[in-house]
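Asker: Model the structure of this input:
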Amino acid sequence: MIFRPRHHSAVSSTNATDLPAANTIRPATQDDLPALFAYLGEQLAENGRDGTPLFQPMPRTDAGVPDAMRERFTQAMAAPLDQPGWRRVWVAIDAGDCIAGHIDLRGYGEPMAGHRAMLGMGVRHDMRRARLGQRLMEQVLAWARHTPPLAWVDLEVMTQNHRARALYQKMGFQVTGEVPDRYRIDGQQIGEVSMCLALF
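Answerer: Predicted coordinates:
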């Protein structure tokens, strides 16, 4: 595994699905976690900075991925799909074998909510106008439609993240609610929108 700093987290690209512009998307494995956490740390460093809207409900930080989040990712990725709280992650790989984006689905903690999953995603700053987010969503939603008992995909997005909301609506997600002043981050009042997609 090769690591390339600052916006280039390297991973293996075996068993990948070819995409235009020399990008591939494939499921992430436990072996990818060091590179994935490095990439996610870079994402968190951009959260709410330099014109980027807040996309995570947490203060701006350069400290990387918190240890508690690393532990949750690691444990949930290893969990079987019939276990509450599972997580599956897909990564987009660029021509230099670096992470260009990611998307994940995670199961709810309640056993009776096994037919629903929560979606999260991110795209590297230089790839955000390359339709990579749409490609990631198309792939993960296709997987979800062939993975019983999943019937719904849910997500939550910061109110002011208009570009992300537009993508989700384009993919068929419907707004189910909005909570104003859901978070107070660095003195800002941040609302949150809930959305969902019926898979069938």
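Asker: CA only for contacts and neighbour counts going forward, please
Answerer: Noted.
Asker: my guess is Cys196 meets Val175, correct?
Answerer: Yes - counting by Cα atoms under 8 Å, Cys196 does reach Val175; the two are 6.7 Å apart.
Asker: who's more crowded, these two?
Answerer: A side-by-side neighbour count of Cys196 and Val175, using other Cα atoms under 10 Å, places Cys196 first with 22 against 17.
Asker: Can you tell me the closest non-neighbouring residue to the more buried one?
Answerer: Excluding its sequence neighbours, the residue lying closest to Cys196 (Cα to Cα, 6 or more residues apart in numbering) is Asp154, at 4.2 Å.
Asker: where's that neighbour relative to Pro66, distance?
Answerer: Per Cα to Cα, to the nearest Å, Asp154 is found 24 Å from Pro66.
Asker: do Gly172 as well
Answerer: Taking Cα to Cα, one finds Gly172 at 32 Å from Pro66.
Asker: Which one's more surrounded, the two?
Answerer: Neighbour count, other Cα under 10 Å: between Gly172 and Pro66, Gly172 has more, with 13 against 10.
Asker: where exactly do the helices run in the protein?
Answerer: Under the criterion DSSP state H, the chain contains helices at 33-46, 67-78, 132-145, 162-170.
Asker: Give the buried residues for stretch 69-87.
Answerer: Phe73, Ala76, Met77, Leu81, Pro84, Gly85, Trp86, Arg87 (16 or more other Cα atoms under 10 Å).
Asker: Could you single out the most deeply buried of the helices of the chain?
Answerer: Looking across the helices of the chain with neighbours counted as mean count of other Cα atoms under 10 Å, the highest average goes to helix 33-46: a mean of 21.
Asker: and the angle for it with helix 67-78?
Answerer: Orientation check (axes from the mean of the first three to the mean of the last three Cα atoms, to 10 degrees): helix 33-46 against helix 67-78 gives 130 degrees.
Asker: What mean pLDDT does helix 33-46 get?
Answerer: Average pLDDT, helix 33-46: 86.
Asker: What helices and strands are in contact with that helix?
Answerer: The contact analysis (3 or more Cα pairs under 8 Å, 6 or more residues apart in numbering; DSSP states H and E) places helix 33-46 against strand 99-107.
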